[in-house]
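> Fold the following and give me the result.
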Amino acid sequence: MKPFLQSLLLCSLLLFSDVAQATYHLGAVDPHLTAAQSHAQTRLNGRPPFRSLNPANHRSDYTYRGGYQYHYQPPRIPPPGQRSISLQTEGSVLDEFKPNTSSSSSPPYRLSNPAKANSTSNSDGAADDTCSQDATTGQYPKRLHHHHQCYGDRTRHLDLVFIIDSSRSVRPAEFEKVKIFLADMVDTLDVGSEATRVAVVNYASTVKIEFLLKDHFNKLDLKKAILRIEPLAAGTMTGIAIKTAMNEAFTEQSGARPRSRKISKVAIIVTDGRPQDQVEEVSAEARASGIEIYAVGVDRADMQSLRLMASIPLEDHVFYVETYGVIEKLTSKFRETLCEVK
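All right, here's what the predicted structure looks like:
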């Protein structure tokens, strides 16, 4: 009986000690804790009242979270309009002018001489889209977007293979920009079985030939094939991609013309990273076989690797852009380079 009483007394003492210690800590006022609690209570009191426990019942700037409060959210900004690949195959794309009729002043795109609308160029080298109002009908004609294309006696016919990086570092939206760039390039070329033939090699840690030089001889089919390209993800095996293009895409069985016809063989490599394999030796082999290589680096691309891959002179065959968002601007540069007969 005595040991039992001793144990009971010990337990009582321990319980009393814990209660006393907790009371001491609660009694000690920490000014920082008090300020933090006061600030939190002020924020809670400043929040707007409940509107509904079901956020689907209304549209507002308040979002129901966790069953407690509606927290203020800044106004949602819609994403910028995304440009998609146009399947227009003619030399121009037509759309309507929509002048601002609420203002009595002349629209900013009005010209005194309508002929200038088709002849002037802006600072970017693109055709001026401006045109003037018809004096008799008062209507504005349709706007004409001119695609500068490789046509005429000085057209350079090519066997052209695009080698595009779709590794994990290339985000889906960025890869769509690459596809738009390819479609823009197709628009600038004189495509045909007896003109320029186009193929695409897609690579990451593996390599996939999306279509061969013999597969499509018109722009509409080419652009539809480009639309169907999907990224491969994973690594960046640029060397293997170059070797695949040389051994499989630039062969007569795949649609490349024989050397006797003196058709230029051109490869355009687009990548945003450092190759995970060796590119110097295979690039030299490709150049020795008669393939002219252009290297386009984006964002984190390794400039030294681009120089090892590209043909000479490097200043004409190595390009760099900071983001995929501006890669389309290279179209005009390639148009100047690829359209001229050397």
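
> Extract the CA atoms of the one helix or strand residue 179 maps to and return them as CSV.
Assessed by DSSP states H and E, residue 179 sits inside helix 172-188. What follows is helix 172-188, C-alpha atoms only, in CSV (Å, rounded to 0.1, in the frame of the first residue of the first chain):
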residue,chain,number,x,y,z
PRO,A,172,5.8,23.1,-75.2
ALA,A,173,5.0,26.7,-76.0
GLU,A,174,8.6,27.2,-77.1
PHE,A,175,8.4,24.2,-79.4
GLU,A,176,5.3,25.7,-81.0
LYS,A,177,7.4,28.7,-81.8
VAL,A,178,9.9,26.5,-83.6
LYS,A,179,7.1,25.0,-85.6
ILE,A,180,5.9,28.4,-86.6
PHE,A,181,9.4,29.3,-87.6
LEU,A,182,9.5,26.2,-89.8
ALA,A,183,6.2,27.1,-91.4
ASP,A,184,7.4,30.7,-92.1
MET,A,185,10.5,29.2,-93.7
VAL,A,186,8.3,27.0,-95.9
ASP,A,187,6.4,30.1,-97.0
THR,A,188,9.5,31.8,-98.2
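
> Now do the buried residues in it.
174-188 (16 or more other CB atoms under 10 Å). Backbone N, C-alpha and C define where each C-beta goes, glycine included.

> And for stretch 216-231?
Of the residues in stretch 216-231, 216, 217, 219, 222, 223, 225, 226, 229, 231 count as buried by neighbour count, 16+ other CB under 10 Å.

> Between the buried residues of helix 172-188, which sits nearest residue 274?
Closest approach to residue 274 among the buried residues of helix 172-188 (CB to CB): residue 174, at 16.8 Å.

> And the closest one, what's its pLDDT?
Note for residue 174: predicted pLDDT of 92.

> Phi first, then psi, for the closest residue to it other than its chain neighbours.
In this structure, residue 174 finds its nearest non-sequential neighbour in residue 324, 4.0 Å apart by CB to CB, 6 or more residues apart in numbering. Dihedral angles of residue 324 (phi, psi; degrees, to the nearest 10) stand at phi -70, psi -20.

> give the contact list for residue 324.
170, 173, 174, 175, 177, 178, 272, 298, 299 (CB atoms under 8 Å, 6 or more residues apart in numbering).
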